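>>> Here's my sequence, what's the structure:
(2 chains)
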2 protein chains.
Amino acid sequence: MTPICLVNGLEGAALDPLDRGLQYGDGVFRTLRVDNGKPRWWDEQLAKLATDASHLAMAWPEASAWRADLANLAGRLSGGVLKLLLTRGSAARGYHPPKAASPTRILIYDPTPLMSDAWPSAGLNVRICDLRLGAQPRLAGIKHLNRLENVMARAEWSDPDTHEGLLRDEAGRVISGVMSNVFLWQGGCLRTPRLDRCGVAGVTRARLLARAATAGYRVEQCELDRDDVLAAEEIMLTNSLIGLRRVACLAERTWPEPVVSPRLKFLLDA
Amino acid sequence: MTPICLVNGLEGAALDPLDRGLQYGDGVFRTLRVDNGKPRWWDEQLAKLATDASHLAMAWPEASAWRADLANLAGRLSGGVLKLLLTRGSAARGYHPPKAASPTRILIYDPTPLMSDAWPSAGLNVRICDLRLGAQPRLAGIKHLNRLENVMARAEWSDPDTHEGLLRDEAGRVISGVMSNVFLWQGGCLRTPRLDRCGVAGVTRARLLARAATAGYRVEQCELDRDDVLAAEEIMLTNSLIGLRRVACLAERTWPEPVVSPRLKFLLDA
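Residues are numbered from 1 along each chain as shown, chains lettered A, B, ... in the order given. You can find the predicted model right below:
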């Protein structure tokens, strides 16, 4: 099943090799789950894309442009993944971000069924990655196109029965999964790593934090190391594609039974 | 003057939006100076591109492919800049680097005269950037497509009379310029920052280190902070486009006269 690509609204259009998205990774993106033709959490995803673009001082397309792209695909969306990318556009050579550049808007719809949907409902099998994330407070939290650390970390395993890897920073603090955010349940508190020095602050993470707090859960963004994670009563991973999934096995420890994950999943999806 | 782009040898071909070079910055590049139709230091540049690709475990095109691209441009090269990019190619969604991906080879020839050629021969005016480079030993030295730090640092100034900015790491060690490597002359020794935690180890830097050592200079790769730089008898910047240029002014200090830069420039260019 071939993905459908719209570049600035044009189906099948190709990308200018001079685009700064390619030259420097100068852009931002979002990945949305599509079920029954409907992209999940569209408004929240678009708002986060706009926030990330603004952190990089990128121009933002007309508000209606993305919605027009989506309308372009009407009737052709079933399930799969929708990816929205915004780059700073094409420009003359050099790192200096041009004032006049017109951003490039890319929408990719991939109807391929999600591999993660076949992951065991009993829980995921997770490893701890060797690669340590570098700290860059100026980029922390932003889902930008500089993703080589994720590529290298993901290259550490190819066993399909390992579903995700946990990433730590240089000091050993657990930051996230390669493609997900991490939550721990411990002592009646829902804890997730602070992402002020590295990592991506996902829309699903923000949504869970907000909904759990509203529902009366104690919620904390803090520093967590490997021992904190291994001592958790339950470990959960979130992203837009998997929603919330519990971890069954990590570094030879196992968590056979759910604790709060069913309730938190319900809060998230509601 | 519009740049000429060859994508996998095809002139004017566009890039697949699914290319991992765009999606993740999953690729490497080189920038070459072209004078009188001849790209400078072609063999060294291509060797470094291959080394960088191999560090990212990317496939390498047939050795003849790049040379064929260059032959494609025969008679059309005058002066300007040649940029060679190699990405991991197009692939299905996900960070995991696919075994079977065929790399994308991009050659861009930009005949626009180099702005840096108009910079004052008496020396450059340099600032110290606020942005601190993040440490990532696994990527240090490699000229990869994840260049948002450089973009953000270069955005710190737009005065055309400021020619370059120096970048430090979190600990305050000077690492490089935004688009160049840094050399100091101090106490009879040529010193340049170690690049084992961040920064790009340029071809011009390697060439100068080798030639200066061969010519009997004491040469050292070491840790250098802001005070070391300001205390230097002479500061020099190198890259493939500017060759070697001396700094005349940095953080309100000035260096009115050359010390060793003319001899080192001669060694480099010979």
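>>> ok, then the element right after whichever strand or helix holds A:Ala206?
Here A:Ala206 sits within helix A:203-214, counting by DSSP states H and E. Counting by DSSP H and E, the next helix or strand C-terminal to helix A:203-214 is strand A:218-222.
>>> Which other helices and strands does that next one contact?
In terms of contacts (3 or more Cβ pairs under 8 Å, 6 or more residues apart in numbering or on different chains; DSSP states H and E), strand A:218-222 is packed against strand A:189-193, helix A:203-214. Just so you know, the C-beta spots here come from the backbone N, C-alpha and C atoms, and that holds for glycine as well.
>>> so can I have JSON lines of the ones you listed showing mean neighbour count, mean pLDDT and distance to B:Leu267?
Converted to JSON lines, the helices and strands packed on strand A:218-222 look like this (neighbours: other Cβ atoms under 10 Å in any protein chain shown; pLDDT from 0 to 100; distance: least, Cβ to Cβ, whole Å):
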{"stretch": "strand A:189-193", "mean neighbour count": "21", "mean pLDDT": "98", "distance to B:Leu267": "50"}
{"stretch": "helix A:203-214", "mean neighbour count": "19", "mean pLDDT": "98", "distance to B:Leu267": "54"}
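>>> so can I have JSON lines of the ones you listed showing distance to chain B?
As requested, these are exported to JSON lines (distance: least, Cβ to the nearest Cβ, whole Å):
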{"stretch": "strand A:189-193", "distance to chain B": "17"}
{"stretch": "helix A:203-214", "distance to chain B": "17"}
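>>> need these in a markdown table with distance to B:His163, can you?
Written out in a markdown table, the entries for the helices and strands packed on strand A:218-222 read as follows (distance: least, Cβ to Cβ, whole Å):
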| stretch | distance to B:His163 |
| --- | --- |
| strand A:189-193 | 40 |
| helix A:203-214 | 41 |
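>>> how about the helices of chain A, start to end?
For chain A, the helices defined by DSSP state H occupy A:20-24, A:42-55, A:63-72, A:148-154, A:203-214, A:226-230, A:261-269.
>>> can you tell me which of these the model trusts least?
The stretch with the lowest average pLDDT out of the helices of chain A is helix A:63-72, scoring a mean of 93.
>>> In this structure A:Asn150 contacts A:Ser180, no?
No. With contacts defined as Cβ atoms under 8 Å, A:Asn150 does not count as touching A:Ser180, sitting 10.8 Å away.
>>> which of the two has more neighbours?
A:Ser180 (28 against 24; other Cβ atoms under 10 Å in any protein chain shown).
>>> For B:Met1, see how far away the nearest residue to A:Arg93 once chain neighbours are set aside is.
In this structure, A:Arg93 finds its nearest non-sequential neighbour in B:Asp110, 5.6 Å apart by Cβ to Cβ, 6 or more residues apart in numbering or on different chains. The gap separating B:Asp110 from B:Met1 is 8 Å, by Cβ to Cβ, to the nearest Å.
>>> residues in contact with the residue of chain A positioned farthest from its centre?
Among the C-alpha atoms of chain A, the one most distant from their mean position (Cα atoms, centre = their mean) is that of A:Ala92, at 30.7 Å. Taking Cβ atoms under 8 Å, 6 or more residues apart in numbering or on different chains as the criterion, A:Ala92 is in contact with A:98, B:112.
>>> Check the one 4 residues further on too.
Contacts here follow Cβ under 8 Å, 6+ apart; on that basis A:His96 touches B:151, B:154-155, B:158.
>>> Contact partners for A:Met152?
Contacts of A:Met152 were listed using Cβ under 8 Å, 6+ apart, and they are A:131, B:56, B:138-139.
>>> Let's see if you can find the most crowded of these.
When neighbours are taken as other Cβ under 10 Å, the top entry among those is B:Leu139 (23 neighbours).
>>> Next, the contact list for that residue, please.
When contacts are counted by Cβ under 8 Å, 6+ apart, B:Leu139 touches A:134, A:148-149, A:152, B:146, B:198.
>>> for A:Ala57, same thing?
A:Ala57 sits next to A:97, B:155 when contact means Cβ under 8 Å, 6+ apart.
>>> what pLDDT does it get?
Here the pLDDT value assigned to A:Ala57 is 96.
>>> Quick check: residues of the stretch 151-270 of chain A near chain B?
Along the stretch 151-270 of chain A, the residues adjacent to chain B under the rule Cβ under 8 Å from any Cβ of the partner chain are A:151-155, A:158, A:170, A:178-179, A:198.
>>> Show the buried residues in those residues.
With burial judged by 16 or more other Cβ atoms under 10 Å in any protein chain shown, the buried subset of these is A:151-155, A:170, A:178-179, A:198.
>>> for these, which one is nearest chain B?
The shortest gap between chain B and any of those belongs to A:Arg154, at 3.8 Å (Cβ to the nearest Cβ).
>>> That closest one contacts B:Arg93, correct?
No. With contact defined as Cβ under 8 Å, A:Arg154 does not reach B:Arg93; the gap is 12.0 Å.
>>> By average pLDDT, which secondary structure element in chain A comes out worst?
The least trusted helix or strand in chain A, going by mean pLDDT, DSSP states H and E, turns out to be helix A:63-72, with a mean of 93.
>>> Just the buried positions in that helix, please.
Buried residues in helix A:63-72, defined by neighbour count with 16+ other Cβ under 10 Å: A:65-66, A:69-70.
>>> Keeping just the C-alphas, turn it into CSV.
Taking only C-alpha atoms (Å, rounded to 0.1, in the frame of the first residue of the first chain), the coordinates of helix A:63-72 have been written out as CSV:
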residue,chain,number,x,y,z
ALA,A,63,-4.9,27.9,9.4
SER,A,64,-7.1,26.5,6.7
ALA,A,65,-4.3,24.9,4.6
TRP,A,66,-3.9,21.7,6.7
ARG,A,67,-7.6,21.3,6.8
ALA,A,68,-7.8,21.7,3.0
ASP,A,69,-5.1,19.0,2.7
LEU,A,70,-7.2,16.7,4.9
ALA,A,71,-10.3,17.4,2.8
ASN,A,72,-8.2,16.5,-0.3
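>>> Contacts for it next, please.
By Cβ under 8 Å, 6+ apart, the list of residues contacting helix A:63-72 from outside reads A:6, A:9, A:11, A:39, A:42, A:46, A:84, A:105, A:107.
>>> Apply 7 Å and report the result again.
The contact list for helix A:63-72, computed with Cβ atoms under 7 Å, 6 or more residues apart in numbering or on different chains, reads A:6, A:9, A:11, A:46, A:84, A:105, A:107.
>>> so how far is B:Glu44 from the fourth one?
This points to A:Leu46. Distance, A:Leu46 to B:Glu44, using Cβ to Cβ: 46 Å.
>>> Ok, the last one next?
Computed as Cβ to Cβ, the A:Leu107 to B:Glu44 distance reads 41 Å.
>>> Mind checking which of the two has more residues around it?
For A:Leu107 versus B:Glu44, the count of surrounding residues by other Cβ under 10 Å is larger for A:Leu107: 25 against 17.
>>> shouldn't the more buried one be in contact with A:Val7?
No. Between A:Leu107 and A:Val7 there is no contact under Cβ atoms under 7 Å: 8.3 Å.
>>> For A:Ser261, give me its contacts.
With contacts taken as Cβ under 7 Å, 6+ apart, A:Ser261 has the following neighbours: A:234, A:236, A:244, A:246.
>>> Strands - which of those land there?
A:234, A:236, A:244, A:246 (DSSP state E).
>>> Of these, which pair is most distant in space?
Distance extremes for those: the farthest pair is A:Glu234 and A:Leu244 at 10.9 Å, using Cβ to Cβ.
>>> Which one's more surrounded, the two?
Under the criterion of other Cβ under 10 Å, the comparison of A:Glu234 against A:Leu244 puts A:Leu244 first, with 23 against 19.
>>> any idea how far the more buried one is from A:Arg205?
With distances taken as Cβ to Cβ, A:Leu244 is found 10 Å from A:Arg205.
>>> now the stretch 101-250 of chain A, which segments are flagged as low pLDDT?
Of all residues in the stretch 101-250 of chain A, none has pLDDT under 70.
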